[in-house]
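Undergrad: need a 3D model of the following:
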Amino acid sequence: MRMILVYGVCFLLVFLGAGLCGQAADTTLTPPVHNLPNVAHRGASYSYPENTIAAYRAAINAGANGAECDVYKTADNALVLSHDRTTKRTMGGENKDITKLTLEEIRKLDAGIWKGKDFKGEKVPTLEEYLLLLKNTTCRPVIEIKMEGIETL
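TA: Okay, here's the model as predicted:
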């Protein structure tokens with residue numbers, strides 16, 4: 001079921017997603033996600049803090065055909081990128097449920113320092129920021145929905 005939702009969301013993003021930026025959608029057919037030969041898992045997460053703009057920029061610069069992200073909904077219905085439901089591993093060590101935090105509260109957390117001091121200050125991006133970064137590149141979004149109800153937002 002989750003994969004069906006992912007493909008459904010990807011379809012909507014490819015064909016309708018350009019509307020997020022106030023432009024007409026590009027209706028050019030793109031290859032299905034499973035045909036992309038080089039998908040960056042959580043961005044270039046080996047060298048960069050996962051699910052961050054820095055990781056996705058690095059993936060694009062490395063020539064990735066796709067960039068996988070993980071999405072949760074915050075308490076105030078913002079869609080943010082995070083593999084984990086809690087902040088403990090990648091956002092400062094406290095064990096807070098990100099679905100119970102607001103976007104403003106999440107923006108105060110540091111999503112980069114756990115990977116190294118060079119990434120200190122990296123913020124948790126929204127789904128829209130991720131999509132805007134990928135727009136006009138050859139890197140396609142690959143979205144893993146981590147909780148039910150997101151597809152209706």
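Undergrad: which is the next helix or strand following the longest strand anywhere in the chain?
TA: Under DSSP state E, the strand in the chain containing the largest number of residues is strand 66-73. Scanning forward in sequence from strand 66-73, with DSSP states H and E defining helices and strands, the next element found is strand 79-81.
Undergrad: rounded mean pLDDT for that next one, please.
TA: Averaged across strand 79-81, pLDDT comes to 97.
Undergrad: which residues touch it?
TA: Under the contact criterion CB atoms under 8 Å, 6 or more residues apart in numbering, strand 79-81 has outside partners 51-52, 69-74, 98, 103, 106, 124-128, 130, 150, 153. C-betas here are computed from N, CA, C, even on glycine.
Undergrad: 6 Å - rerun?
TA: Strand 79-81 is contacted from outside by 51, 69, 71, 72, 73, 74, 106, 124, 125, 126, 127, 130, using CB atoms under 6 Å, 6 or more residues apart in numbering.
Undergrad: residue 60: which of the residues you listed is nearest?
TA: Ranked by distance to residue 60 (CB to CB), these are led by residue 130 at 11.1 Å.
Undergrad: beta partners of the closest residue to residue 39 other than its chain neighbours?
TA: Spatial nearest neighbour of residue 39, chain neighbours left out: residue 66 (3.8 Å); criterion: CB to CB, 6 or more residues apart in numbering. With DSSP bridges as the criterion, residue 66 is bridged to residue 39, residue 140.
Undergrad: could you pull out the strands for this protein?
TA: The residue ranges that make up the strands of the chain, judged by DSSP E, are 39-41, 66-73, 79-81, 140-145.
Undergrad: and those strands as CSV, adding distance to residue 112 and mean neighbour count?
TA: What follows is the strands of the chain, written out as CSV (distance: least, CB to CB, whole Å; neighbours: other CB atoms under 10 Å):
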stretch, distance to residue 112, mean neighbour count
strand 39-41, 17, 20
strand 66-73, 16, 23
strand 79-81, 13, 24
strand 140-145, 21, 21
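Undergrad: make CSV out of the ones you listed and add distance to residue 60.
TA: As requested, the strands of the chain are exported to CSV (distance: least, CB to CB, whole Å):
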stretch, distance to residue 60
strand 39-41, 8
strand 66-73, 7
strand 79-81, 15
strand 140-145, 11
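Undergrad: so for residue 88, which of those sits nearest?
TA: Proximity of the strands of the chain to residue 88 was assessed by CB to CB; the nearest stretch is strand 66-73, lying at 14.0 Å.
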